[in-house]
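1. kindly return the folded structure for what I paste below:
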Amino acid sequence: MIRPNELIKQLNVSKSTLYRLRKSSDFPRPVAIGPRAISFVVEKIEVWLEQREQLPY
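-> Numbers count the residues shown, from 1 in each chain. The predicted structure is shown next:
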């Protein structure tokens, strides 16, 4: 599991960019780990990154 602030650093994006990514349909959904806390599954983020690398530009 990875918290949003760590994911921001790992992806090298801003908080607003992470928010926009979360709104997109293909980005992995966060998991609630408390009443006001979320986290992301690292494996799902890695799969998402691999899929993005395979997209033709």
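
2. every contact and neighbour count from this point should use C-alpha atoms.
-> Noted.

3. count the residues that sit near L49.
-> 13 (other Cα atoms under 10 Å).

4. before we move on, what about the one 5 residues further on?
-> Neighbour count of Q54, defined by other Cα under 10 Å: 8.

5. pLDDT score for it?
-> At Q54, the model reports a pLDDT of 80.

6. show me where this protein dips below the pLDDT cut-off.
-> Along the chain, segments meeting pLDDT under 70 span 57.

7. if we use 90, what do you get?
-> 24-25, 52-57 (pLDDT under 90).

8. so who does M1 touch?
-> M1 sits next to S39, F40, V41, V42 when contact means Cα atoms under 8 Å, 6 or more residues apart in numbering.

9. show me what counts as buried in the helix or strand harbouring E50.
-> Using DSSP states H and E, E50 maps to helix 42-53. Neighbour-count burial for helix 42-53, counted by 16 or more other Cα atoms under 10 Å, picks out I45.

10. so what touches that helix?
-> Contacts of helix 42-53 (Cα under 8 Å, 6+ apart): M1, I2, D26, F27, P28.

11. select from these the one having the most neighbours.
-> Counting by other Cα under 10 Å, top hit in the contacts of helix 42-53: P28 with 19 neighbours.

12. about what we covered before: among the contacts of helix 42-53, name the ones in helices.
-> Within the contacts of helix 42-53, no residue falls in helices by DSSP state H.

13. can I get these in CSV with distance to K15?
-> Formatted as CSV, the contacts of helix 42-53 follow (distance: Cα to Cα, whole Å):
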residue, distance to K15
M1, 18
I2, 15
D26, 18
F27, 15
P28, 16
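
14. can you map out the strands along this protein?
-> With DSSP state E as the criterion, the chain has strands at 31-34, 37-39.
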